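Peer 1: Whatever this is, show me its structure:
(chains A, B, C and D)
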2 protein chains.
Amino acid sequence: MARKQGVKRKPARLAPTRSPAHTPAHELTVSREELLVGGSDREFRALIHDALAFTSRLEAVRDGYAKMIGVTGIQYTMLVCISVLGASQSVTVKAVAEHLKLSGPFVTVEVGKLVSMGLVEKAGDPSDRRKVSLSLTDEARARLAELAPTQRQVNDVHFGTLTKSDFLALRRMMGELVESTDNALALLNYLSTGAD
Amino acid sequence: MARKQGVKRKPARLAPTRSPAHTPAHELTVSREELLVGGSDREFRALIHDALAFTSRLEAVRDGYAKMIGVTGIQYTMLVCISVLGASQSVTVKAVAEHLKLSGPFVTVEVGKLVSMGLVEKAGDPSDRRKVSLSLTDEARARLAELAPTQRQVNDVHFGTLTKSDFLALRRMMGELVESTDNALALLNYLSTGAD
DNA sequence: TTATAATAGCTAAGTTACACAGCTAGCTTG
DNA sequence: CAAGCTAGCTGTGTAACTTAGCTATTATAA
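Peer 2: Now for the predicted structure:
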């Protein structure tokens, strides 16, 4: 308030710190007994931390693949999404947006870039002319295909510690976690608006 | 080039699509037998998909907490980081950057905002005056603390499907996965520059 | 049949979360 | 004390989003 910045170029020397007296009494961030170890949520916090670190790296890997074929991370994701959805249905902008939980306009813009790069084709839907039907070009399919050997090597290293039963358990847990995630989000929304 | 935009308002009608003839022959993205089910990487892809969805939601939850105490997601993360690291050491900008794998300048800027919000204090380090020592203000600690009841409820729902042994297994796997992640990233980097 | 909603997509204009290059202040060492 | 290192800062750029609001088309109700 009283302090203006920009007046003096060199910042005032900071006062020396007092020693950190820290009462480490974090409050618990979970209460289910299954998730506490020795009454502490330390392991749980560590799990969250690791999970975040893990997928941040997962995204880094994805960005690497993306770069290899000359697109950005989200564009790569959209290419794969169009490829997957396209196997069973006509792919609209809206379908991509919903599947990736992105806004329609954002998909429009990024798909537009992919079109001008020659990686995606837009076709009108004869039955509903508001819709556009998205598909990969042969070029896009080729680029995706040439990534596969790299992906195999990288994934084999990345997931090299998992046993078969680890894999199956992880697969199951992730599925369950994703499902309960919407409930958690809804609860948070309720708590942060209704209550508080 | 030849095409100007803005000249015609209505875009040319798109040609109707050909039906999607899709050869679904995706190439495998893993080769370790432990990660294949019936010779297919479908389950593996689904796992990756779920993992990404899971942490995207985890981040949404985090953003929700952040909003409740009036900061952005990354600022909330930095507050928690300063709190955790501060319990055992003097926290520098660099320490936060390394722990969260962010660039130093980014931490500088965001911490600066937290300082002007009155949530973080910067103090000079008497033993090395290049360093600044970061700590939470009482206000910040109070805001974090008032979040805990919400977090407990949300996390109990979010992770309500995990049994104790699930939790422990997940914790172990995540730890392993995070470790091998650096190797995977290094391999990818090698493959995408050295080779290819 | 005409209003009138909906719906699909698009354009424009932000915002947030980052990174990198390059700078200065302070430390260290020959 | 000059060279070189390190911590932090400033400035600038980019990727990844969002919301508001528009148009074209389709569905619906009066």
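Peer 1: mind listing what's buried in stretch A:97-107?
Peer 2: By 16 or more other C-beta atoms under 10 Å in any protein chain shown, the buried positions in stretch A:97-107 come out as A:97, A:99, A:100, A:102, A:107. In short, each C-beta sits where N, CA and C put it, glycine included.
Peer 1: Next, check these against the helices and list the overlap.
Peer 2: A:97, A:99, A:100, A:107 (DSSP state H).
Peer 1: now for those, which pair is the farthest apart?
Peer 2: A:99 and A:107 (9.7 Å; C-beta to C-beta).
Peer 1: Return the distance of residue A:173 relative to residue B:170.
Peer 2: Using C-beta to C-beta, to the nearest Å, residue A:173 is found at 6 Å from residue B:170.
Peer 1: joint contacts of these two?
Peer 2: Listed as contacting both residue A:173 and residue B:170 by C-beta atoms under 8 Å, 6 or more residues apart in numbering or on different chains are residue B:162.
Peer 1: Can you tell me which residues in chain A are near DNA strand C?
Peer 2: A:10, A:13, A:92-95, A:104-105, A:107-109, A:111-112, A:122, A:128, A:130-132 (C-beta under 7 Å from any atom of the strand).
Peer 1: of those, list those near DNA strand D.
Peer 2: Okay, of the residues of chain A next to DNA strand C touching DNA strand D (C-beta under 7 Å from any atom of the strand), that's A:105, A:109, A:128, A:130.
Peer 1: got CSV for these, with secondary structure and pLDDT too?
Peer 2: Formatted as CSV, those follow (DSSP: H, G, I helix; E, B strand; the rest coil; pLDDT from 0 to 100):
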residue, secondary structure, pLDDT
A:105, helix, 97
A:109, helix, 97
A:128, coil, 93
A:130, coil, 94
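Peer 1: For residue B:162, state which of these is nearest.
Peer 2: Residue B:162 lies nearest to residue A:105 out of these, by C-beta to C-beta, at 37.2 Å.
Peer 1: quick one: that closest one from residue A:97, how far?
Peer 2: In this view, residue A:105 and residue A:97 are 9 Å apart by C-beta to C-beta.
Peer 1: coming back round to it: narrow the residues of chain A next to DNA strand C to just the buried residues.
Peer 2: Of these, these count as buried by 16+ other C-beta under 10 Å: A:92, A:93, A:95, A:107, A:111, A:122, A:131, A:132.
Peer 1: Distance check, residue A:128 against residue B:101.
Peer 2: For residue A:128, the distance to residue B:101 (C-beta to C-beta) stands at 46 Å.
Peer 1: now residue A:71
Peer 2: According to C-beta to C-beta, residue A:71 and residue B:101 sit 23 Å apart.
Peer 1: now residue A:144
Peer 2: For residue A:144, the distance to residue B:101 equals 28 Å [C-beta to C-beta].
Peer 1: repeat for residue A:45
Peer 2: In terms of C-beta to C-beta, residue A:45 sits 17 Å off from residue B:101.
Peer 1: go on, residue A:161?
Peer 2: Distance, residue A:161 to residue B:101, using C-beta to C-beta: 21 Å.
Peer 1: quick one, what contacts residue A:181?
Peer 2: Taking C-beta under 8 Å, 6+ apart as the test, what residue A:181 contacts is B:53, B:54, B:57, B:58, B:158.
Peer 1: do the same with residue A:31
Peer 2: Shown in contact with residue A:31 (C-beta under 8 Å, 6+ apart): B:152, B:156.
Peer 1: Wasn't it part of a strand?
Peer 2: No: under DSSP: H, G, I helix; E, B strand; the rest coil, residue A:31 sits outside any strand and is assigned coil.
Peer 1: Quick check on it: phi, psi?
Peer 2: The phi/psi pair for residue A:31 (degrees, to the nearest 10) reads phi -130, psi -20.
Peer 1: Repeat that for residue A:132.
Peer 2: According to degrees, to the nearest 10, residue A:132 has phi -120, psi 150.
Peer 1: give me every residue that touches it.
Peer 2: A:92, A:93, A:122, A:123, A:124, A:125, B:14.
Peer 1: could these go into a markdown table alongside secondary structure?
Peer 2: Output for these, formatted as a markdown table (three-state DSSP):
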| residue | secondary structure |
| --- | --- |
| A:92 | coil |
| A:93 | helix |
| A:122 | strand |
| A:123 | strand |
| A:124 | strand |
| A:125 | coil |
| B:14 | coil |
